[in-house]
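S.K.: test case, fold it:
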Amino acid sequence: MPETREKRKTMKHIPAFLLIFAFVIALSGCTSQVPETGDSIKVAVTILPQAEMVRAVGGDRVDVMVIVPPGVEPHTYEPSASTLIALEKTDVYFKIGNGLMPFEDKLSEKVGALNRDILIADTSDRVTIIYGSDPDSPAGKDPHVWLSPVNARIMVENIAGGLTSIDPENAAYYEDNAGKYIAKIDALDAKIKKEMNETPERTIIVTHPAWSYFARDYAIKQVSIESEGKEPTARDIEAVVTIARQRNISVVFVEPQYSARSAEVIAEEINGSIVIIDPLAGDYLENLDRVAALFAGKHA
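M.R.: As a prediction, this is how the structure comes out:
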């Protein structure tokens with residue numbers, strides 16, 4: 001039974017995890033917008049870490065498209081015409097949501113006009129947002145919600161809810177997969193807590209303040225080389241060097257989406273080294289595990 005445009009618009013504003021219950025209870029013989037059993041659900045996500053989550057929950061029921069290409073900074077990304085064309089045939093778009101990525105809302109409007117059957121859901125629904133740590137983000141909201149196992153649990157629940165809402169017949173499958181993946185998240189969270197509890201120095205120097213949620217979860221102090229979203233001045237660099245010397249820090253962490261020039265200057269001043277960490281790596285859980293070890297001082 002096809003949905004009216006008004007119904008579809010209303011669905012977009014319902015928290016994804018609540019849709020599980022609404023759709024399962026309301027299911028009464030109407031035809032779902034999901035493809036016939038045996039066909040995959042076409043899912044779009046904003047960034048690579050979300051893709052791992054969706055594949056973990058959706059298993060062989062999903063075919064995932066990532067909107068922001070590898071190596072591209074989401075803050076400044078502009079979707080291409082080919083992206084819009086691809087989204088015309090998509091069943092679900094899991095955006096980061098909460099107004100965290102500047103391009104997502106405009107893209108959602110365009111996609112909604114082209115594809116009236118698409119479900120657009122926020123994976124960050126119910127996540128506690130950090131304000132003021134990332135000057136590049138709209139309204140001071142820090143968009144890097146996925147860089148936290150605590151948030152990842154919620155995001156996975158929202159993904160399971162979104163998939164169930166359009167494919168209620170496979171609700172148990174999505175719930176089971178989500179539970180297994182959340183168990184992995186919980187195990188990683190426990191491992192990181194143990195590593196950080198054994199780490200006396202929890203100050204990290206980074207090129208861009210992407211790790212605020214991670215730092216919040218594990219009592220880490222994040223020092224960003226960037227100053228108010230701009231390239232640092234000589235005084236800014238001197239201030240970071242002073243912190244590094246006071247705390248005996250010898251590693252500067254560089255995100256591949258940003259220039260390493262200032263980090264190289266600081267590393268040279270402190271006789272230290274540069275280590276690359278990618279907040280947008282596709283191997284999500286492995287990447288968080290790897291980054292946590294580096295923050296804990298395991299630089300092998």
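S.K.: so where's the stretch 51-200 of the chain shaky on pLDDT?
M.R.: The stretch 51-200 of the chain contains residues with pLDDT under 70 at 134-138.
S.K.: okay, helices next: where are they in it?
M.R.: Counting by DSSP state H, counting those that start in this stretch, the stretch 51-200 of the chain has helices at residues 81-87, 102-114, 149-166, 171-197.
S.K.: most packed of the ones you listed?
M.R.: Of all the helices of the stretch 51-200 of the chain, helix 149-166 carries the top mean neighbour count, a mean of 26, counting by mean count of other Cβ atoms under 10 Å. (C-beta placed from N, C-alpha, C; glycine too.)
S.K.: from memory residue 294 sits against residue 274, does it?
M.R.: No: using Cβ atoms under 8 Å, residue 294 is not in contact with residue 274, being 11.6 Å away.
S.K.: report the set of residues contacting both of these two.
M.R.: 251, 253 (Cβ atoms under 8 Å, 6 or more residues apart in numbering).
S.K.: ok, now which ones touch residue 84?
M.R.: If you count contacts by Cβ under 8 Å, 6+ apart, then residue 84 has 107, 110-111, 114 around it.
S.K.: and for residue 81?
M.R.: Counting by Cβ under 8 Å, 6+ apart, residue 81 has no contacts.
S.K.: distance of it from residue 88?
M.R.: 11 Å (Cβ to Cβ, to the nearest Å).
S.K.: residue 275 now?
M.R.: 41 Å.
S.K.: for these two, indicate the residue with more neighbours.
M.R.: Taking neighbours as other Cβ atoms under 10 Å, residue 275 and residue 88 compare with residue 275 leading, 15 against 11.
S.K.: surely the more buried one forms part of a strand?
M.R.: Yes: under DSSP: H, G, I helix; E, B strand; the rest coil, residue 275 falls within a strand.
S.K.: re earlier: so which of the helices of the stretch 51-200 of the chain comes closest to residue 252?
M.R.: Closest approach to residue 252 among the helices of the stretch 51-200 of the chain (Cβ to Cβ): helix 171-197, 19.4 Å.
S.K.: so that closest one versus helix 149-166, what angle?
M.R.: Using axes from the mean of the first three to the mean of the last three Cα atoms, to 10 degrees, the inter-axis angle of helix 171-197 relative to helix 149-166 is 170 degrees.
S.K.: show the pLDDT at residue 6.
M.R.: As summarised for this prediction, residue 6 has a pLDDT of 37.
S.K.: repeat for residue 35
M.R.: 45.
S.K.: thought residue 63 was touching residue 41?
M.R.: Yes: using Cβ under 8 Å as the test, residue 63 is close enough to residue 41 to be in contact (7.0 Å).
S.K.: can I see the domain layout of the chain?
M.R.: The chain is divided into the following domains under automatic domain parsing: 5-191, 193-295.
S.K.: the longest one: how far from the chain's middle?
M.R.: Okay, so that is domain 5-191. Here domain 5-191 is found 10 Å from its chain centre; the criterion is Cα atoms, centre = their mean, to the nearest Å.
S.K.: likewise for the last one?
M.R.: The chain centroid and the centroid of domain 193-295 are separated by 19 Å, computed with Cα atoms, centre = their mean.
S.K.: wasn't residue 42 part of a helix?
M.R.: No: Residue 42 is assigned strand when assessed by three-state DSSP, not a helix.
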